[in-house]
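coordinates for the following, if possible.
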Amino acid sequence: MDRLPIELPQRLRFDVRVCVHCGLCLPACPTYRQLGQEADGPRGRVAIMKALADGEVPLTRAAELHIDRCLGCRACETACPSGVPYGRLLEDTRSALSPLQEARRGPIARLGRRLLLGWLFAAQPRLRRAASFLRWYSGSWLRTLAHRIGIVGLLPPTLRAMEALTPVLGPREEYRPAGGTVPATGERRRRVALVTGCVQDALYSGVNAATVRVLSRFGCEVVFPAEQTCCGAVHDHVGAIEAALAMARRNVDVFLASGADAVVVNAAGCSVLMKHYGEMLAGDAAYAEKAKRFSALVREVSELLVELPAPADPRPVPLTVTYQDPCHNAHAQQIRAQPRKLLQAIPELVVRELAAPDRCCGSAGVYNVVQHELSMAILADKIEDVRRTGAQAIVTANPGCALQLAHGSRAYGLGIPVYHLVELLDQAYR
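Take a look at the predicted model:
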């Protein structure tokens, strides 16, 4: 057993006292619903955080496990009548635990983490090259053979989970013109800078291409700041806060230099973090004011589109779909009505609501890899909810959700496609 290796932020000591232990958060929590344990619900985790912050208990592996099992979906924030800032509590706690957890990892695990977070996600060209291999492997004879002769079953659990989640990927679609700017179609209403993302750019380049076309048709001139990097959300989720801050500083400089009216993001998790750069860098004298200005420019793509006049005469899209709210849209940004308004404007598109559209699908960044078994149990419930709607396709607005839901559709025999919101808008406004 260990004491916390670093001092906890003062705000955590205040935030944990906002909780009145009413328990209204428990039914909203996916891990509590699955495991039924107080310590695996928000109220129990807040109690653990408070006890650690007050020095009442030592840090045990059990306490770490309960914190690690949290998806960070923030559904508890929506349910909480007291306004507990649970997302901030979780980030502060994970950041405090990170140095101790890093010291406990073996050399291979430490190397793998550094390669993933410090090398692969630090440069988009590297991620694109890795995705090129995945694109080939995903539909190749090698993958078929590896499954047939049982090689996949011999992989370490983390790699086995990653392999299972890999969809069959189509060819990469280029969306950035040589000149670096896509003009608005017709009257120019906005000049926007697109966050191309990491997973979105590497695995779902077609979503970025559709986003660019839709923005252009809605009257936006689109620019692509060349030196942008990962938003840092993956790093922030696992407590690697210094790496996340370094990426935030770089993005602040690059996007402010673009002269854009708005910074548009088509991945829910990225937009949440980038809207909080101002808070993250508030203590950095060189970046506090700049980061605040940057965060004020960040718009999730559906937020921006509903403010603009839609092109006339959209084409019919004869399809019955259901919309899955990404947690970081519904709970962290209160973005619920905007995507539905855009979908409802498409002729012949029928939208059937899930029983729990804003309940987490179990993706949660790298959660479906590091907590694979629990993630799959949460996903199974989500797929059953989709099945009850009779939808012909699932629509969402986050690459992690799309990856997870596509896996669930395959694994649980649903067999329907998953679209990003902008892909349907692209069909309608082509």
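
quick one, helices of the stretch 51-200 of the chain?
Secondary structure of the stretch 51-200 of the chain by DSSP state H, counting those that start in this stretch: the helices cover 61-68, 75-79, 86-104, 107-113, 124-138, 141-148, 157-165, 199-203.

residues contacting the spatially closest residue to Ala260 that is not a sequence neighbour?
Of all residues not flanking Ala260 in the chain, Ala193 sits nearest, at 3.8 Å (Cβ to Cβ, 6 or more residues apart in numbering). (C-beta placed from N, C-alpha, C; glycine too.) With contact taken as Cβ atoms under 8 Å, 6 or more residues apart in numbering, Ala193 is in contact with Val222, Val223, Phe224, Pro225, Phe255, Ser258, Ala260, Ala262, Val263, Val264.

which SSE is the fifth one in?
Think Phe255. Element membership for Phe255 (DSSP states H and E) is helix 241-257.

gap between that helix and the chain center?
What separates the centre of helix 241-257 from the centre of its chain is 18 Å, taken as Cα atoms, centre = their mean, to the nearest Å.

list the backbone torsions phi and psi for Val321.
For Val321, the backbone dihedrals (degrees, to the nearest 10) come out as phi -130, psi 170.

do you know how far it is from Leu24?
Using Cβ to Cβ, to the nearest Å, Val321 is found at 31 Å from Leu24.

who's more crowded, these two?
A side-by-side neighbour count of Val321 and Leu24, using other Cβ atoms under 10 Å, places Val321 first with 23 against 14.

contacting residues around the more buried one?
Val321 makes contacts with Leu343, Leu349, Val350, Val351, Arg352, Ala391, Gln392, Ala393, Ile394, Val395, Tyr419, Leu424, as judged by Cβ under 8 Å, 6+ apart.

now do the phi/psi pair for the last one.
Read it as Leu424. Dihedral angles for Leu424 - degrees, to the nearest 10 - are phi -70, psi -40.

wait, it touches Pro347, no?
No - Leu424 lies out of contact with Pro347 (Cβ atoms under 8 Å); the separation is 11.7 Å.

just to revisit the earlier point, what about the contacts of Val321, which are in helices?
Per DSSP state H, helices hold the following members of the contacts of Val321: Leu343, Leu424.

ends of stretch 32-46, how far apart?
Chord length of stretch 32-46, first to last residue, is 13 Å (Cα to Cα, to the nearest Å).

now do it, average pLDDT.
Taken as a whole, stretch 32-46 has an average pLDDT of 93.

equivalent analysis for stretch 335-344, please.
The average pLDDT within stretch 335-344 is 96.

contacts for it next, please.
Outside stretch 335-344, the residues that touch it by Cβ under 8 Å, 6+ apart are 268, 300, 302-303, 305-306, 321, 323, 325, 329-330, 349, 351, 358, 395, 397, 421, 424-425.

now it: buried residues?
Buried residues in stretch 335-344, defined by neighbour count with 16 or more other Cβ atoms under 10 Å: Ile335, Arg336, Gln338, Pro339, Arg340, Leu342, Leu343.

then stretch 29-46?
Across stretch 29-46, burial judged by 16+ other Cβ under 10 Å covers 29-35, 39-46.

of all the residues you listed, which two lie farthest apart?
Farthest pair in those (Cβ to Cβ) is Gln34 and Val46. Separation: 18.8 Å.

where's Gly278, which helix or strand?
Here Gly278 sits within helix 277-280, counting by DSSP H and E.

may I see the buried residues of that helix?
Tyr277, Gly278, Met280.

was I right to think the first one contacts Phe255?
In other words, Tyr277. No - at 9.8 Å, Tyr277 does not count as touching Phe255 under the criterion of Cβ under 8 Å.

roughly how far does the residue lying closest to Ile241 once chain neighbours are set aside sit from Met280?
Once flanking residues are discounted, Ile241 sits nearest to Ser95: 4.4 Å by Cβ to Cβ, 6+ apart. Relative to Met280, Ser95 is positioned 11 Å away (Cβ to Cβ).

hmm, back to that, which of the buried residues of helix 277-280 lies closest to His235?
Among the buried residues of helix 277-280, Met280 lies closest to His235 (Cβ to Cβ), at 11.4 Å.

mind listing what the nearest residue to the closest one once chain neighbours are set aside touches?
Excluding its sequence neighbours, the residue lying closest to Met280 (Cβ to Cβ, 6+ apart) is Ala248, at 5.8 Å. Residues near Ala248 by Cβ under 8 Å, 6+ apart: Cys231, Gly232, Leu273, Met274, Tyr277, Met280, Leu281, Tyr287, Ala291.

picking up where we left off before, now the buried residues of stretch 335-344 in TSV, please, with extra columns for distance to Tyr429 and secondary structure.
Output for the buried residues of stretch 335-344, formatted as TSV (distance: Cβ to Cβ, whole Å; DSSP: H, G, I helix; E, B strand; the rest coil):
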residue	distance to Tyr429	secondary structure
Ile335	20	coil
Arg336	22	coil
Gln338	16	helix
Pro339	15	helix
Arg340	17	helix
Leu342	10	helix
Leu343	13	helix
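
burial measure for the residue nearest to Ile241, as a count.
20.

how about Asp313?
By the criterion of other Cβ under 10 Å, Asp313 has 8 neighbours.

and Leu297, by the same measure?
Leu297 has 18 neighbouring residues, counting by other Cβ under 10 Å.

ok, Val238 next?
Quick note: Val238 (other Cβ under 10 Å) scores 21 neighbours.

Gly23 too?
Per other Cβ under 10 Å, the neighbour tally for Gly23 reads 13.

which phi and psi does it have?
Dihedral angles phi and psi of Gly23 (degrees, to the nearest 10) take the values phi 90, psi 0.

so who does it touch?
Contacts here follow Cβ under 8 Å, 6+ apart; on that basis Gly23 touches Arg43.

for Arg352, see how far away it is.
For Gly23, the distance to Arg352 equals 32 Å [Cβ to Cβ].

from Pro156, how far off is the nearest residue to Ile151 once chain neighbours are set aside?
Once flanking residues are discounted, Ile151 sits nearest to Leu145: 7.8 Å by Cβ to Cβ, 6+ apart. Between Leu145 and Pro156 the distance is 20 Å, computed by Cβ to Cβ.

per-residue confidence at Gly106?
Per-residue confidence (pLDDT) for Gly106: 64.

residue nearest the centroid of the chain?
With distances taken as Cα atoms, centre = their mean, the residue of the chain nearest its centroid is Gly269 (3.2 Å).

that one in helix, strand or coil?
The three-state label given to Gly269 by DSSP: H, G, I helix; E, B strand; the rest coil is helix.

show me what contacts it?
Gly269 makes contacts with Ala233, Pro326, His328, Gly365, Asn398, Gly400, as judged by Cβ under 8 Å, 6+ apart.
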